[in-house]
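Visitor: What follows is a predicted structure for the sequence shown.
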Amino acid sequence: MDSVKLARYLIGKTVVRELPKGRIIGRIVETEAYLLHDAACHAFNGPTKRNRSLFLEHGHAYVYFIYGNHFMLNVCSEPKGIGAGVLLRALEPLEGIPLMKRGRSHLSHKDFTRGPGRLAAALRVDMKLDGLDLCADGPLWLGEAMKPAGRIGCSVRIGINRDTHRRLRFYARGNPYVSGPKYLCG
DNA sequence: AGTGCGATTGACT
DNA sequence: GTCAATCGCACTA
């Protein structure tokens, strides 16, 4: 399915992280779509060493490192060979909350899965998980929704200054774990 | 080999 | 509200 459909589909679904110390489960409450022929998509200029995982079959993970300290977790959306996907931007914590918080106690409860960098930190996502099949058993996978998605809002993407004519960010309306400025959360 | 910069965050005014 | 930190990658030469 295309990135927009996948971005909407993923709202309300769960992401599960299996760690030696236990299991973490979060509910996806915010995503952004990155499309084919989209100048803001990392795949825009063709495959490189950095973005190659984005060209995997849909359902695989594309993880990258940015700003010297943050990992971002994406889900590929298209058949193998096409570079497009969905960025996971925020979670509602459901299970394994102490594991998510470990080492990050300075953040308030509603902040530690809010924002793409903090989401990846909470799930202990790093480059080792790049290219992983998220639809198979393993250290990180996507699960069914545990409760309804609720109303889905959309807005322009955050931190993107190109192709701003499309509203490619999707979020669970009114959910307190959604990131971004308040006027983009209602 | 050197340079510029980014799908962000947290600390500070 | 502003702004620096921080590093791997892409690009130029």
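Guide: Perfect, I can see it now. Residues are numbered from 1 along each chain as shown, chains lettered A, B, ... in the order given.
Visitor: I figured A:N51 hits A:V63, correct?
Guide: No - counting by C-beta atoms under 8 Å, A:N51 does not reach A:V63; the two are 10.8 Å apart. Every residue, glycine included, has its C-beta placed from N, CA and C.
Visitor: List the buried residues in the top strand by length along chain A.
Guide: Longest among the strand segments of chain A by residue count, using DSSP state E, is strand A:22-34. Neighbour-count burial for strand A:22-34 flags A:24-34 (criterion: 16 or more other C-beta atoms under 10 Å).
Visitor: Could you do stretch A:46-53 as well?
Guide: A:51, A:53.
Visitor: what does stretch A:71-81 give?
Guide: A:71-78.
Visitor: quick one: it to chain centroid distance?
Guide: Centroid separation for stretch A:71-81 versus its chain: 10 Å, with C-alpha atoms, centre = their mean, to the nearest Å.
Visitor: Please see if it touches DNA strand C.
Guide: No - judged by C-beta under 7 Å from any atom of the strand, stretch A:71-81 makes no contact with DNA strand C; its nearest approach is 10.6 Å.
Visitor: near DNA strand B, which residues of chain A?
Guide: Going by C-beta under 7 Å from any atom of the strand, the residues of chain A near DNA strand B are A:32, A:34, A:40-42, A:54, A:62, A:66-70, A:72, A:74, A:85, A:87, A:104, A:106-107, A:111, A:115-119, A:157-160, A:179.
Visitor: try 6 Å this time
Guide: Of all the residues in chain A, those in contact range of DNA strand B (C-beta under 6 Å from any atom of the strand) are A:34, A:40-42, A:66-68, A:70, A:72, A:74, A:87, A:106-107, A:115-118, A:158-160, A:179.
Visitor: Going through these, which ones are buried?
Guide: Applying 16+ other C-beta under 10 Å to these, the neighbour count classes A:34, A:40-42, A:72, A:74, A:87, A:115-118, A:158, A:160, A:179 as buried.
Visitor: Mind checking which of those are in helices?
Guide: A:116-118 (DSSP state H).
Visitor: can you redo those residues as CSV with pLDDT and distance to A:H58?
Guide: Formatted as CSV, those follow (pLDDT from 0 to 100; distance: C-beta to C-beta, whole Å):
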residue, pLDDT, distance to A:H58
A:P116, 96, 20
A:G117, 95, 24
A:R118, 95, 25
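Visitor: Where does A:K80 sit, in terms of helix or strand?
Guide: In the assignment (DSSP states H and E), A:K80 maps to no helix and no strand.
Visitor: residues contacting the residue positioned nearest the centre of chain A?
Guide: For chain A, the residue sitting closest to the mean C-alpha position, by C-alpha atoms, centre = their mean, is A:L88 at 1.2 Å. By C-beta atoms under 8 Å, 6 or more residues apart in numbering, the contact list for A:L88 reads A:10, A:15, A:28, A:30-31, A:73-75, A:116, A:119.
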